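Chemist: Have a look at this prediction, sequence included:
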Amino acid sequence: MFPALSPRSWVPAPSEDLVRRVSEATAADSPAGILGELDRLVEQNRTIHDVDAVNLNPATNAMNPRAEAMLSAQLGRPSLGYPGDKYEMGLEAIERIEIIAAELAAEVFSARHAEVRVGSGALANLYAFMATCKPGDTIIAPPADIGGHVTHHAPGAAGMYGINTVPALRTLAHEVRPKLITVGGSLNLFPHPISAIRGIADEVGAYVLFDAAHLCGMIAGKAWPQPLAEGAHLMTMSTYKSLGGPPSGLAVTDDDELAQRLDVIAFPGLTANFDAGKTAALAVTMVDWKVAGADYARAMIDTAQALAAELADRSVEIFAAGRGGTTSHQFGIPAASYGGGQQVAHRLRKANLLACGIGLPAPLVEGDMNGLRIGTPEIVRRGMRPADMPELAGFIARGLDPGTDPEQVAPEVSAWRKQFDSIHFTADNPN
């Protein structure tokens with residue numbers, strides 16, 4: 001029996017039902033049929049993201065086609081060891097790609113060291129935990145109900161590594177004596193007080209980790225305070241969100257000792273052989289940021305602020321509106337009146353508007369998240385600007401309106417987005 005066909009009581013029922021149906025169909029299909037189905041699914045995904053829908057999820061982006069081509073450029077070779085001292089032979093080209101990617105990443109993030117062999121943002125956080133803590137240690141991290149990321153808590157990398165997480169700062173820092181204080185999360189609207197947090201960390205002998213999974217583009221484009229310069233010991237990130245790169249991770253630091261620990265964790269520790277294609281794609285992405293990053297970051301912020309203002313004009317409540325809603329590329333919408341963030345995200349999906357729920361420091365919604373997260377990385381990279389936000393806000397407001405059938409909005413959204421059919425802010429197309 002195929003593993004996926006075995007009952008799994010720990011999986012949510014709708015997910016288990018989908019897995020079983022697809023698994024059963026796959027098990028009964030022929031090799032040719034499976035290949036045909038994979039081709040169909042790839043095309044379906046392309047239609048959703050490149051033709052039909054407008055992606056408002058700040059946790060995703062559209063890649064530079066040049067970078068995307070690197071993922072299938074026959075770079076799938078093992079690369080065990082340091083450049084110039086690889087275990088396998090014939091890696092002269094791949095090891096130079098590794099060096100170029102690390103050099104560019106360090107330059108873009110104004111860091112002394114960059115670890116590019118990390119497979120994802122979650123793994124980058126695990127690297128950071130392993131470099132600064134040991135199992136049984138305590139860390140302080142933002143809780144999920146104010147946008148903190150799961151990797152900093154019990155269900156994620158921190159918990160799996162045996163770290164105890166608590167969600168407060170100075171008073172608690174002196175009480176629990178953490179080894180690490182983490183900053184940043186899945187919703188970042190205003191700059192973080194990194195210098196003040198570093199001061200608290202120094203009082204108790206802790207490291208400061210800035211999780212830039214969502215803010216990496218803002219930081220790379222110098223449109224956000226620079227965490228390493230303000231006192232963070234280490235910065236981790238995903239590379240596919242506001243950075244617009246491949247599905248991978250990155251860790252940067254100015255601390256030589258931490259860099260050495262990260263190096264050992266990567267090799268001979270957890271990563272060893274890594275994906276050279278993603279590394280090459282990351283290098284292309286870093287070139288894009290050198291050429292067009294400042295303009296891209298500024299455009300994301302301007303467009304997010306314009307969209308939030310247009311939605312407010314249409315009676316959509318914007319979280320933290322009294323502070324301007326956002327100074328970054330994303331903003332939040334309280335979702336209790338819509339039944340919850342995920343519930344309303346499913347409703348918007350029917351309107352060909354892609355978003356997702358998020359936790360906000362607001363009254364909770366039982367069984368769902370209490371906020372909806374909206375971001376501009378992909379729409380800006382596809383060519384949308386503040387002047388286009390009145391129309392987009394109109395679609396979103398109608399999609400949110402319980403008195404409107406979202407499926408009637410969907411074809412209008414698809415027709416409107418046809419004009420945005422190119423990728424901007426790359427070295428080849430910097431505007």
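Modeler: Everything's here; your move. Residues are numbered from 1 along each chain as shown.

Chemist: Who are the packing partners of the helix or strand that contains residue 300?
Modeler: For residue 300, the element it lies in under DSSP states H and E is helix 276-313. Other elements packing on helix 276-313 under the criterion 3 or more Cβ pairs under 8 Å, 6 or more residues apart in numbering; DSSP states H and E are helix 65-70, helix 92-108, helix 216-220, strand 330-334, strand 371-375, helix 377-381, helix 389-400. Using the backbone N, CA and C atoms, a C-beta is placed for each residue, glycine as well.

Chemist: so what secondary structure elements neighbour the second one?
Modeler: Counting by 3+ Cβ pairs under 8 Å, 6+ apart, the packing neighbours recorded for helix 92-108 are strand 113-115, strand 249-253, helix 276-313.

Chemist: how big is the angle separating the longest one from helix 92-108?
Modeler: Taking axes from the mean of the first three to the mean of the last three Cα atoms, to 10 degrees, helix 276-313 and helix 92-108 form an angle of 30 degrees between their directions.

Chemist: Residue 259 contacts residue 112, doesn't it?
Modeler: Yes: checked against Cβ atoms under 8 Å, the pair residue 259 and residue 112 is within contact range at 7.1 Å.

Chemist: Of these two, which one has the most company?
Modeler: residue 259 (20 against 12; other Cβ atoms under 10 Å).

Chemist: A helix includes that one, no?
Modeler: Yes: Residue 259 forms part of a helix when assessed by DSSP: H, G, I helix; E, B strand; the rest coil.

Chemist: I figured residue 317 was touching residue 335, is that so?
Modeler: No: using Cβ under 8 Å, residue 317 makes no contact with residue 335, being 9.3 Å away.

Chemist: which one of these two has more residues nearby?
Modeler: Ranked by neighbour count (other Cβ under 10 Å), residue 317 and residue 335 place residue 335 first, with 27 against 13.

Chemist: Now do the contacts for that one.
Modeler: Neighbouring residues of residue 335 by Cβ atoms under 8 Å, 6 or more residues apart in numbering: 341, 343, 344, 357, 365, 368, 369, 370, 371, 372.

Chemist: distance of the spatially closest residue to the fourth one that is not a sequence neighbour from residue 407?
Modeler: Beyond its immediate neighbours in the sequence, the residue positioned closest to residue 357 (Cβ to Cβ, 6 or more residues apart in numbering) is residue 341, lying 2.5 Å away. Applying Cβ to Cβ, to the nearest Å, one obtains 20 Å for the distance of residue 341 from residue 407.

Chemist: Settle it for me: which of those two has more neighbours?
Modeler: For residue 341 and residue 407, the more surrounded residue by other Cβ under 10 Å is residue 341, and the numbers stand at 26 against 11.

Chemist: what's near enough to touch that one?
Modeler: Residue 341 is in contact with 335, 356, 357, 358, 365, 368, 369, 370, 371, 372, 373, counting by Cβ under 8 Å, 6+ apart.

Chemist: okay, it: pLDDT?
Modeler: With respect to pLDDT, residue 341 has a value of 97.

Chemist: can you put the contacts of residue 341 in JSON lines and add pLDDT and distance to residue 93?
Modeler: Below are the contacts of residue 341 laid out as JSON lines (pLDDT from 0 to 100; distance: Cβ to Cβ, whole Å):
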{"residue": "335", "pLDDT": "97", "distance to residue 93": "49"}
{"residue": "356", "pLDDT": "95", "distance to residue 93": "39"}
{"residue": "357", "pLDDT": "95", "distance to residue 93": "44"}
{"residue": "358", "pLDDT": "93", "distance to residue 93": "42"}
{"residue": "365", "pLDDT": "94", "distance to residue 93": "52"}
{"residue": "368", "pLDDT": "96", "distance to residue 93": "49"}
{"residue": "369", "pLDDT": "94", "distance to residue 93": "45"}
{"residue": "370", "pLDDT": "94", "distance to residue 93": "50"}
{"residue": "371", "pLDDT": "95", "distance to residue 93": "46"}
{"residue": "372", "pLDDT": "97", "distance to residue 93": "45"}
{"residue": "373", "pLDDT": "97", "distance to residue 93": "40"}
